[in-house]
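Asker: Okay, sequence plus prediction incoming.
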Amino acid sequence: MDFQTQARAARVAARELATTQRDRKDAGLHAMADALLAATDEVLAANAIDVETAKQAGTGTALVDRLTLTKARIEGMAQGLRDLAGLNDPVGEVVRGWRTATGLNISQVRVPMGVIGIIYEARPNVTADAAGICLKSGNASLLRGSSSTINSNRAVVKALHAGLEAAGLPVDAVNLVEGGREVTTEMMQARGLVDVLIPRGGAGLINAVVTGSQVPVIETGTGNCHLYVDASADLDMAVEIAMNAKTQRPSVCNALETVLVHTDVAEQFWALADKALSGAGVTVHADAPTRAYVPGAVAASDDDFEGEALTLDLSAKVVSGIDEAIEHIQRYTTGHSETIVSEDAEAIDEFVNRIDAAAVLVNASSRFVDGGEFGFGAEIGISTQKLHARGPMGLAEMTSTKYIVLGRGQTRG
């Protein structure tokens with residue numbers, strides 16, 4: 001099916017979904033989860049082809065990890081769909097309402113956006129997450145995954161279609177868009193057919209969509225995430241947070257990339273952290289003061305501080321205090337997630353108020369900046385822009401609003 005035909009079919013499905021009651025949508029989500037689990041062997045076999053192709057092409061370990069599915073990850077995808085079914089339906093929610101002096105009753109109500117296009121790289125779990133969030137929020141989805149996961153995405157969407165059909169919902173509510181780069185360009189030019197585009201992936205993909213799209217875009221971003229260890233920090237806590245944020249899954253956007261340590265506690269912190277991090281295979285790229293405490297560290301360059309490594313490489317710097325830490329973060333941040341470990345209320349307030357990011361964490365790992373961890377069931381992505389949606393995007397972020405005005409014959413004088 002060509003893209004124009006898919007997009008028109010999606011619009012028809014979106015009109016049906018816009019008025020579909022919650023119980024039917026939830027039944028669809030459960031049926032999709034059931035079908036996905038039933039197709040586990042088929043999905044894993046398809047994914048194995050993609051993983052082997054990527055390895056043969058010399059793809060880096062971080063990207064291979066992103067595109068790899070396991071039985072546990074498929075179970076997690078299915079559970080994410082079930083979790084969405086358990087959440088409140090945002091459609092029809094009254095955001096605010098009031099009565100005017102003329103007697104008009106005005107309410108602002110959440111409504112679906114319509115047709116949402118998602119352009120994403122690797123991670124075939126996004127296919128199920130995005131399809132589920134769009135369905136629950138009353139939208140049809142056009143899913144444009146990368147060629148590196150084409151077999152995986154086909155198998156996942158086949159299972160999702162089986163679930164939709166079993167639940168009596170339109171299968172065109174979920175569409176896998178295939179083809180070359182010209183199809184991506186076609187999506188970006190489909191104003192009137194596609195209501196919003198969401199790019200999810202590396203900086204190159206995101207910039208290409210943001211600058212080239214004629215369709216409105218919700219911009220997701222890369223994650224150059226920082227951790228500042230304050231002079232008052234509980235150092236055992238700081239090491240545990242750094243370890244989790246860096247090593248629990250280094251290939252994702254909310255993983256730690258840079259640790260900044262107050263000079264007063266740098267020696268003590270690194271005496272604890274170096275052993276833990278090196279034991280986990282982390283290579284520290286550090287400034288000269290840090291290298292005095294970390295014998296195995298290598299010299300850091302500006303590129304180390306600027307980039308999103310997505311590997312077991314960690315940049316490190318000693319700072320004179322919170323002002324220098326904030327100055328460093330303001331220079332290099334991508335606006336994703338920034339963390340302070342501190343027991344000083346004034347330092348915490350200053351950090352929270354001055355740091356401009358989608359998420360600011362106090363004494364907690366940046367790995368929590370995730371739709372599932374936030375209680376959203378799943379996420380479309382993490383927005384680092386400031387319009388409409390910011391941070392993990394769940395059901396509410398996939399809606400717009402309209403005003404309903406109830407009168408009794410009033411006219412304007």
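Answerer: Alright, I've got the coordinates.
Asker: tell me which residues in stretch 198-207 are buried?
Answerer: Buried residues in stretch 198-207, defined by neighbour count with 16 or more other C-beta atoms under 10 Å: 198, 199, 200, 201, 202, 205, 206. The C-beta positions use only the backbone N, C-alpha and C, and glycine is treated the same way.
Asker: can you check stretch 127-136 too?
Answerer: Of all the residues in stretch 127-136, those buried under the rule 16+ other C-beta under 10 Å are 127, 128, 129, 130, 131, 132, 133, 134, 135, 136.
Asker: Filter those down to just the ones in helices.
Answerer: When DSSP state H defines the helices, the subset of the buried residues of stretch 127-136 inside them is 127, 128, 129, 130, 131, 132, 133, 134, 135, 136.
Asker: What is the nearest of these to residue 159?
Answerer: Among those, residue 128 lies closest to residue 159 (C-beta to C-beta), at 8.5 Å.
Asker: where's the closest one relative to residue 66, distance?
Answerer: 15 Å (C-beta to C-beta, to the nearest Å).
Asker: Need the max-distance pair from the buried residues of stretch 198-207.
Answerer: Greatest spatial distance in the buried residues of stretch 198-207: 198 and 202, 14.5 Å, computed using C-beta to C-beta.
Asker: Just give me the neighbour total for the closest residue to residue 51 other than its chain neighbours.
Answerer: Spatially, and ignoring its direct neighbours in sequence, residue 51 is nearest to residue 68 (5.5 Å; C-beta to C-beta, 6 or more residues apart in numbering). Per other C-beta atoms under 10 Å, the neighbour tally for residue 68 reads 20.
Asker: Residue 68 reaches residue 48, doesn't it?
Answerer: No: counting by C-beta atoms under 8 Å, residue 68 stays clear of residue 48, with 9.1 Å between them.
Asker: for the stretch 51-200 of the chain, which spans come out with low pLDDT?
Answerer: The stretch 51-200 of the chain contains no residues with pLDDT under 70.
Asker: mind running it again at 90?
Answerer: For the stretch 51-200 of the chain, the stretches with pLDDT under 90 are 60-63, 65-66, 121-123, 200.
Asker: how about the helices of it, start to end?
Answerer: Secondary structure of the stretch 51-200 of the chain (DSSP state H, counting those that start in this stretch): helices at 61-67, 71-85, 125-136, 150-166, 181-188.
Asker: ok, residue 24 - how many residues close by?
Answerer: 13.
Asker: correction: residue 88
Answerer: Neighbours of residue 88 under the rule other C-beta under 10 Å: 10.
Asker: What's the end-to-end length of stretch 405-413?
Answerer: 17 Å (C-alpha to C-alpha, to the nearest Å).
Asker: what's the answer for stretch 403-413, then?
Answerer: Note: stretch 403-413 ends 21 Å apart using C-alpha to C-alpha.
Asker: can you pull the buried residues of that stretch?
Answerer: Applying 16+ other C-beta under 10 Å to stretch 403-413 flags no residue as buried.
Asker: again with stretch 349-359
Answerer: Along stretch 349-359, these residues count as buried under the neighbour rule (16+ other C-beta under 10 Å): 350, 351, 355, 357, 358, 359.
Asker: does the residue nearest to the third one when sequence neighbours are not counted have beta-bridge partners, and which?
Answerer: So the one you mean is residue 355. Closest residue in space to residue 355, ignoring its immediate chain neighbours: residue 338 at 4.9 Å, by C-beta to C-beta, 6+ apart. Under DSSP bridges, the beta-bridge partners of residue 338 are residue 226, residue 360.
Asker: ditto for residue 96
Answerer: residue 108.
Asker: Identify those among the buried residues of stretch 349-359 that sit within strands.
Answerer: Mapping the buried residues of stretch 349-359 onto strands (DSSP state E) picks out residue 359.
Asker: Which one of the buried residues of stretch 349-359 is nearest to residue 117?
Answerer: Sorting the buried residues of stretch 349-359 by how near they are to residue 117, with C-beta to C-beta, puts residue 358 at the top with 21.7 Å.
Asker: my read: the closest one touches residue 337, true?
Answerer: Yes: between residue 358 and residue 337 there is a contact under C-beta under 8 Å: 6.8 Å.
Asker: So what's the residue count around residue 238?
Answerer: So residue 238, with other C-beta under 10 Å, has 26 neighbours.
Asker: Report the secondary structure element holding it.
Answerer: Per DSSP states H and E: residue 238 is located in helix 235-247.
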